[in-house]
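In: Build me a structure from this.
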Amino acid sequence: MSQNSVKITFPDGNVREYPQGVTPLQIAESISQRLAQEVLSATVDGKVTDLAMPIERDASVKLHKWEDPEGRATFWHTSSHLLAEALESLYPGIKFGIGPSIESGFYYDVDSPVPITEADLPKIEKKMEELARTKEPLVRREVSKAEAMRIFSEKGDQYKTELIGDLQDGTITFYTNGCFTDLCRGPHLPNTGLIKAIKLTSVAGAYWRGNEKNKMLTRIYGVAFPKKSMLDEHLAMLEEAKKRDHRKLGKELELFMFSPRVGQGLPMWLPKGAALRERLQNFLQSVQKKYGYEQVITPHIGMKDLYVTSGHYAKYGKDSFQPIRTPDENEEFLLKPMNCPHHCEIYRHKPRSYRDLPLRFAEFGTVYRYEQSGELHGLTRVRGFTQDDAHLFVRPDQLLEEFEKVIDIVLYIFKTLKFEDFIAQVSLRDPANKEKYIGSDENWEKAERAIIEAAEHKGLKTVVELGEAAFYGPKLDFMVKDALGRKWQLGTIQVDYNLPERFDLTYTGADDQPHRPIMIHRAPFGSMERFVAVLLEHTGGKFPLWLTPQQVVVLPISEKFNDYAQSVSKFLNNSDIRAEVDCRNEKIGRKIRDNELKRVPFLLIVGEKEEAEGTVSVRMQGEGDKGTMKREEFAAYLADLVKKEVEA
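Out: Numbers count the residues shown, from 1 in each chain. I've put the predicted structure just below:
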């Protein structure tokens, strides 16, 4: 190899030699001009960089296009800077907080001298489009801490100077596009001309640095694309998402509610929602029973010392509901933030032998975690929620088999509920920030190996994410895509060597010596609240037949046939079919429309002919008229459909 060249290793293992100082864009150009036109950023030795960043030594390089998350993140990050440039032009004196890319776009937090509302968004969009057409280059510059502080102090931007104060000298970079310069690590697009379609979607409030004691800034959300057709598709998806919003559907279907008197983030389940939730619970309990789980029940509160022992108080105490004091000054309780410490105490309540393991304790346990009011969102971010929790206590030789059995449970649930597009995320600790976690390196390495091995054995499609582990152990998180392509985290499985040590859990081995069990935490649904929210939006409220709150509504064509309709409903309910009667004094067409909007799977229309023959006229959601059936025939037909759904 020439002294002034570098070896570049590509993801497929191929190695090419380039001149020292070659940029990712030049590498793309050497492959094809089309690739050079489509590439947005690159990962060089594990770090995402600009396309103009020189490569001075041998490196592994991956080029990112729009299809890659890293490519989209770079595109949207530059879009946030374009937004800031437009805002600075339109609102002289505006001050800037942070402007990151997010999973589906970008935002910028600003402190504006005049209020910015959603009515202003078209004007800001127009300015962004005007600036984008000038194809402004994004210019990176390294600056000293003193120079950075001077520049933003002279500008009067206290938010940037506060951020600079937290940075190390020698690590600070600026990016400039047009007349706008920002404190930023990057990476960015080569120029703004790649941004062809822009939509600012909403305006919200956000406390500076997420602290309620700080000033409320204006957060402007947006999304941008390299083609207008892609924006059109995205906006169509957003319209569909509005129709599927679980808060809207939950109200229409009478599943749950919130009350300001009860408190923010504390959902209450209405009769139909409670029945749906109970069926989900029964479904999982029946699966767990086949796998040898035992149900337990623990209190909603626990002594503060319990969570000090587990490590939860040190980690989350300041941001949790504060201790509950009693007339006894020596007592302090906490609302239960996790079920695992209670289950550790259940394990400890009597001596355990190696023959007793594995022990599998399951609980639908309600826990309480304080979320800032601005973070609350329907059922997906709440302050009180019920986890479908279980904790398995296993010997080392049982760990892999038990972990794989939990994976089997998760996969069965996803199959039954038709969550077919998912990926398993191996969530590991951040090796550069180990102080965030408890436990020894040895235990962490063993736990991480176990998860990776189990995922490989089950043939799961996986992605590794550093820094996403729980503070006590690594996780396997199941990231599900719904019908609109949005990604949600549902089931999670964790391996934990640390809590058994903190609670001094032991079992007597075959050698008659004490040994430490390993703990597996698992929640296939995640929480009942979040799971129902995702299921609502995934199905658009059209739940599987076995799960839906109302399977059948009987519609008499006039009041004369109400008694027959009631007898049909009673027969079906006695056959374990959830049926109701719509006795309203409305025309039959109106009744059909109203109940179809409620997503009722089957409508049974009854009149003189049906009463005389003991039959029902059947309409199926999405398919229309299914003909006339005897009551017994329809009950058997529906029962068969339910059986096929569950056993599919």
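In: where does the chain have low pLDDT?
Out: Scanning the chain for pLDDT under 70 picks out the ranges 1-3, 648.
In: now do 80
Out: The model of the chain has pLDDT under 80 over residues 1-3, 315-319, 374, 432, 438-439, 472, 646-648.
In: Can you give me the domain boundaries for this structure?
Out: Per automatic domain parsing, the structural domains of the chain span 5-65, 70-233, 257-295+361-539, 552-647.
In: Any chance of TSV for those, columns mean neighbour count and distance to P351?
Out: Glycine gets a C-beta too; all of them are placed from N, C-alpha and C. Listed next are the domains of the chain as TSV, based on neighbours: other CB atoms under 10 Å; distance: least, CB to CB, whole Å:
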stretch	mean neighbour count	distance to P351
domain 5-65	16	48
domain 70-233	17	46
domain 257-295+361-539	18	7
domain 552-647	16	40
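In: for these, which one sits closest to L334?
Out: Each of those has some distance to L334 by CB to CB; the shortest is domain 257-295+361-539, at 8.7 Å.
In: so how far does the closest one reach from one end to the other?
Out: 20 Å (CA to CA, to the nearest Å).
In: same deal with stretch 253-272?
Out: For stretch 253-272, the end-to-end distance is 8 Å (CA to CA).
In: quick one: P190 and N177, what's the gap?
Out: 11 Å (CB to CB, to the nearest Å).
In: Now for these two: what residues contact both?
Out: 137-138 (CB atoms under 8 Å, 6 or more residues apart in numbering).
In: all strands for the stretch 401-550 of the chain, in order.
Out: Using DSSP state E, counting those that start in this stretch, the strands of the stretch 401-550 of the chain run over 421-428, 462-466, 475-481, 487-496, 507-508, 514-515, 518-523.
In: roughly how far is the third one from the heart of the chain?
Out: For strand 475-481, the gap between its own C-alpha mean and the chain's C-alpha mean amounts to 9 Å (CA atoms, centre = their mean, to the nearest Å).
In: can you give me the helices in the stretch 1-150 of the chain?
Out: All helices of the stretch 1-150 of the chain, identified by DSSP state H, counting those that start in this stretch, fall at 24-31, 33-38, 69-90, 121-133, 145-155.
In: wait, which of those helices is closest to D477?
Out: Taking CB to CB, helix 69-90 is the member of the helices of the stretch 1-150 of the chain nearest to D477, at 15.7 Å.
In: tell me the angle of the closest one relative to strand 462-466?
Out: 50 degrees (axes from the mean of the first three to the mean of the last three CA atoms, to 10 degrees).
In: just the CA coordinates of helix 69-90, formatted as CSV?
Out: Extracted C-alpha coordinates of helix 69-90, given in CSV (Å, rounded to 0.1, in the frame of the first residue of the first chain):
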residue,chain,number,x,y,z
PRO,A,69,-32.1,5.6,9.7
GLU,A,70,-28.7,7.4,9.8
GLY,A,71,-29.4,9.0,6.5
ARG,A,72,-32.8,10.2,7.5
ALA,A,73,-31.4,11.5,10.8
THR,A,74,-28.8,13.6,8.9
PHE,A,75,-31.4,14.9,6.5
TRP,A,76,-33.8,16.0,9.3
HIS,A,77,-31.0,17.4,11.4
THR,A,78,-30.0,19.7,8.5
SER,A,79,-33.8,20.5,8.1
SER,A,80,-33.9,21.8,11.7
HIS,A,81,-31.0,24.2,10.9
LEU,A,82,-32.8,25.3,7.8
LEU,A,83,-35.9,26.0,10.0
ALA,A,84,-33.7,28.0,12.4
GLU,A,85,-32.2,30.1,9.6
ALA,A,86,-35.7,30.9,8.4
LEU,A,87,-36.9,31.8,11.9
GLU,A,88,-33.9,34.1,12.5
SER,A,89,-34.7,35.8,9.2
LEU,A,90,-38.4,36.3,10.0
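In: and it, how far from the chain's centre?
Out: On CA atoms, centre = their mean, the centre of helix 69-90 falls 24 Å from that of its chain.
In: tell me the angle that helix makes with helix 121-133.
Out: Using the same axes, to 10 degrees: helix 69-90 against helix 121-133 is 110 degrees.
In: Name the residues that touch the helix or strand encompassing K242?
Out: Secondary structure from DSSP states H and E places K242 in helix 228-244. Contact with helix 228-244 is made by 196-199, 201, 223-225, 248, 483-486, 536-537, 540-541, as judged by CB under 8 Å, 6+ apart.
In: From these, which land in helices?
Out: The helices, defined by DSSP state H, take in 248, 536-537 from those.
In: Reformat those residues as a markdown table; add distance to V382.
Out: Below are the ones in helices among the contacts of helix 228-244 laid out as a markdown table (distance: CB to CB, whole Å):
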| residue | distance to V382 |
| --- | --- |
| K248 | 17 |
| L536 | 15 |
| E537 | 16 |
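In: out of those, who's nearest G292?
Out: Nearest to G292 among the ones in helices among the contacts of helix 228-244, with distances taken as CB to CB, is L536, at 31.7 Å.
In: Go ahead and confirm the closest one touches G250.
Out: Yes: contact criterion CB atoms under 8 Å: L536 and G250 qualify, at 6.6 Å.
In: if I look at W546, how far off is I8?
Out: Separation of W546 from I8 (CB to CB): 55 Å.
In: How about A424?
Out: 31 Å.
In: for K626, same thing?
Out: For K626, the distance to I8 - CB to CB - is 63 Å.
In: need the contact list for V616.
Out: If you count contacts by CB under 8 Å, 6+ apart, then V616 has 554, 568, 604-606, 610, 628-629, 631, 634 around it.
In: likewise I98?
Out: Contacts of I98 by CB under 8 Å, 6+ apart are 108-109, 163.
In: give me that answer again for 7 Å
Out: By CB atoms under 7 Å, 6 or more residues apart in numbering, the contact set of I98 is D109.
In: tell me the contacts of the closest residue to E404 other than its chain neighbours?
Out: Residue nearest to E404 in three dimensions, not counting chain neighbours: A454, with 5.2 Å by CB to CB, 6 or more residues apart in numbering. Under the criterion of CB under 7 Å, 6+ apart, the contact list for A454 reads 400, 403-404, 407.
In: redo that, cut-off 6 Å
Out: Neighbour list for A454: 400, 403-404 [criterion: CB atoms under 6 Å, 6 or more residues apart in numbering].
In: what do you get for L476?
Out: Taking CB under 6 Å, 6+ apart, one finds 424, 451, 493 in contact with L476.
In: Was I right to think the last one contacts V406?
Out: What that stands for is I493. Yes: under the criterion of CB atoms under 6 Å, I493 makes contact with V406 at 5.1 Å.
In: which residues do those two both contact?
Out: By CB under 6 Å, 6+ apart, I493 and V406 have these common neighbours: R522.
In: distance between the ends of stretch 282-301?
Out: Using CA to CA, first and last residues of stretch 282-301 are 25 Å apart.
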